[in-house]
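Peer 1: let me see the structure of the following:
(one chain, ligands or ions: 1)
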Amino acid sequence: MQIEKCKHPTKCDFVGCSNLADYQLSTKGLLKRELAFCEKCLREMYVEIGKLQVPKAVEAPFKIKKRLRKEER
Ligand SMILES: [Zn+2]
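Peer 2: Predicted structure coming up:
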C-alpha cells in the first residue's frame with residue numbers, strides 16, 4: 001500500500017468534498033479502485049487514524065542516544 005501524488009486531476013473521493021485530489025492511495029488491487037483524496041481530507045483522515053492508532057516508538061530511547069553519539073564523532 002502506498003500513498004502517492006496524483007498524476008492526473010481527479011476529484012476527491014470524500015463525500016461532500018469538491019476539492020481536487022492531491023493524493024491517491026495505491027493499493028495494487030486490494031481495493032476495488034484507487035482512493036483519491038485532497039490534502040484537507042488526508043489531514044482529517046490522519047487525525048482520525050491517530051485516534052485509533054498511536055504510533056509506536058520504533059526504537060528504544062537508549063538506541064537513539066547511541067546513534068546520536070555516533071553521529072557526533
Ligand atoms: Zn477532500
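Peer 1: output the below-cut-off pLDDT ranges for the chain.
Peer 2: Residues of the chain that meet the criterion pLDDT under 70 lie in 55, 57-73.
Peer 1: could you list the residues of this protein in contact with the ion?
Peer 2: 12, 14, 17, 19, 38, 41 (Cβ under 5 Å from the ion). C-beta coordinates here come from the backbone N, C-alpha and C atoms, glycine included.
Peer 1: mind running it again at 6 Å?
Peer 2: 12, 14, 17, 19, 37-38, 40-41 (Cβ under 6 Å from the ion).
Peer 1: for stretch 34-45, measure first residue to last.
Peer 2: Terminal residues of stretch 34-45 are spaced 16 Å apart (Cα to Cα, to the nearest Å).
Peer 1: in that stretch, what counts as buried?
Peer 2: 34-38, 41-42 (16 or more other Cβ atoms under 10 Å).
Peer 1: keep only those of the residues of the chain next to the ion that are in helices.
Peer 2: The helices, defined by DSSP state H, take in 40-41 from the residues of the chain next to the ion.
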